[in-house]
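>>> Below is the sequence, then the predicted model.
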Amino acid sequence: MEPLVSVIVPVYNVERYLDPCLESIVSQSYRHLEILVVDDGSTDGSGEQCDRWAERDERIRVIHQPNGGLSAARNSGLDVMTGELVVMVDSDDVLHPEAVATLLHAQERHDADIVVGDYITVMGDQAPQWPVTRGDSRNDRPYSQHEALLAVFYQRLTHSAWARIYRSRLFDGIRYPVGLLYEDLGIIYPLLKRCDHLVVKIDACVYGYRQRAASILDHFSPRRADVLTICEKLEVVMRTEDTQYLRAVQSRLLSGYFNILLLSRHDQAGHHEELQYRCWAGIKRLRRGCLTDKNVRLKNKLGILASLGGRDFLCSVIGRNYSPRP
């Protein structure tokens, strides 16, 4: 019997993009879906759009709730899902027509707990331009639990909630942290620690991530410093509970310090001296250990070398071409 796959879609004020998103889900070649659309207190027409879609497709269930943020919306979907497996889709993004089938086949092929696919970036209102090739299973990359944790924190494997399929049981008693950005980073450690089977990365493109001007992660806000709060808490946990991942978490934290320092320095809307001091102090604390760690990515090591010239030198040399995403 085909396994039921729950698809969770948090929705907040995305009426411009919601139809393409839901169309990409209901049109999946794999049909045995439970589609949980969570209207998180939208103030535009998104809530009504959700209801119209539920009238069109009996697999869609709409949950209307007061605004609580992305984590709260995902958690509401997790609370009611009944599928054996679960896929997360952000409501301004789209799935490849074969996304669920591709992820599910890889999950069954490896008996995996999590399968991670590739994604493309969709700019603004453009339609996705999917690659012609669908990937090759011979390129599947299996990770043990230990390897997956190292790969995530050393930034060789993404921690995003989307473009992947999970066994639903991984979320038993685990929920996204409400009120924080980078909520997927905040949950990845307990999720991976629960994996008894493999985590598998496949090279098939399954997801279209839409980059739009209104996205909070493409502009600076002090809320972006949530990534530091999450990683600093992880560092404390690793010092006391799981020291084998301490250096990897410190590498990820260093990336956050670089990112937030440079973005806050370039923000024209206000001054963030206290936040910049926090980042600079963190860089100086971590740079020696990370420089000697052979697993730390080259981007971080170049940042460390630039930081030896001082904070202003680091920001002037690296900041000119720095990406808004760590």
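Noted; the coordinates are in hand.
>>> residue boundaries of the helices in the chain?
All helices of the chain, identified by DSSP state H, fall at 15-26, 46-56, 70-80, 99-110, 145-153, 183-193, 226-241, 246-266, 273-291, 298-307, 311-318.
>>> Turn these into JSON lines, columns for mean neighbour count, mean pLDDT and distance to V200.
No exception for glycine: its C-beta is placed from N, CA and C like everyone else's. As requested, the helices of the chain are exported to JSON lines (neighbours: other C-beta atoms under 10 Å; pLDDT from 0 to 100; distance: least, C-beta to C-beta, whole Å):
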{"stretch": "helix 15-26", "mean neighbour count": "19", "mean pLDDT": "97", "distance to V200": "22"}
{"stretch": "helix 46-56", "mean neighbour count": "17", "mean pLDDT": "98", "distance to V200": "31"}
{"stretch": "helix 70-80", "mean neighbour count": "21", "mean pLDDT": "98", "distance to V200": "22"}
{"stretch": "helix 99-110", "mean neighbour count": "20", "mean pLDDT": "96", "distance to V200": "5"}
{"stretch": "helix 145-153", "mean neighbour count": "21", "mean pLDDT": "98", "distance to V200": "9"}
{"stretch": "helix 183-193", "mean neighbour count": "20", "mean pLDDT": "95", "distance to V200": "13"}
{"stretch": "helix 226-241", "mean neighbour count": "17", "mean pLDDT": "96", "distance to V200": "24"}
{"stretch": "helix 246-266", "mean neighbour count": "23", "mean pLDDT": "93", "distance to V200": "20"}
{"stretch": "helix 273-291", "mean neighbour count": "16", "mean pLDDT": "96", "distance to V200": "28"}
{"stretch": "helix 298-307", "mean neighbour count": "18", "mean pLDDT": "94", "distance to V200": "25"}
{"stretch": "helix 311-318", "mean neighbour count": "16", "mean pLDDT": "86", "distance to V200": "34"}
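>>> want to try TSV for those helices, with distance to M123 as columns?
Compiled in TSV, those are given as follows (distance: least, C-beta to C-beta, whole Å):
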stretch	distance to M123
helix 15-26	12
helix 46-56	22
helix 70-80	22
helix 99-110	20
helix 145-153	27
helix 183-193	22
helix 226-241	24
helix 246-266	21
helix 273-291	30
helix 298-307	23
helix 311-318	25
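>>> Provide the backbone phi and psi angles at the residue nearest to the spatial centre of the chain.
Centroid-nearest residue in the chain, with C-alpha atoms, centre = their mean: S160, separated by 1.7 Å. Phi and psi for S160, reported as degrees, to the nearest 10, are phi -60, psi 150.
>>> Scan the chain for its longest strand.
Identified as the longest strand of the chain according to DSSP state E is strand 199-211.
>>> Provide the strand pairings for that one, with the direction of each partner.
Next to strand 199-211 in the sheet, as set by DSSP bridges, lie strand 94-95 (antiparallel), strand 114-123 (parallel), strand 141-143 (antiparallel).
>>> Show me the one of these that comes nearest I318.
Proximity to I318 (C-beta to C-beta) singles out strand 114-123 among the strands paired with strand 199-211, at 22.4 Å.
>>> Nearest to E34, out of the helices of the chain?
Of all the helices of the chain, helix 70-80 comes closest under C-beta to C-beta, at 9.2 Å.
>>> Would you mind putting the CA coordinates of the closest one into PDB?
This file holds the C-alpha atoms of helix 70-80, laid out as PDB (Å, rounded to 0.1, in the frame of the first residue of the first chain):
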ATOM      1  CA  LEU A  70       6.200  30.400  10.700                       C
ATOM      2  CA  SER A  71       7.200  28.000  13.500                       C
ATOM      3  CA  ALA A  72       3.700  28.100  15.100                       C
ATOM      4  CA  ALA A  73       2.100  27.400  11.700                       C
ATOM      5  CA  ARG A  74       4.400  24.500  10.900                       C
ATOM      6  CA  ASN A  75       3.800  23.100  14.400                       C
ATOM      7  CA  SER A  76       0.000  23.300  13.900                       C
ATOM      8  CA  GLY A  77       0.500  21.100  10.800                       C
ATOM      9  CA  LEU A  78       2.700  18.700  12.700                       C
ATOM     10  CA  ASP A  79       0.100  18.400  15.500                       C
ATOM     11  CA  VAL A  80      -2.600  17.100  13.200                       C
END
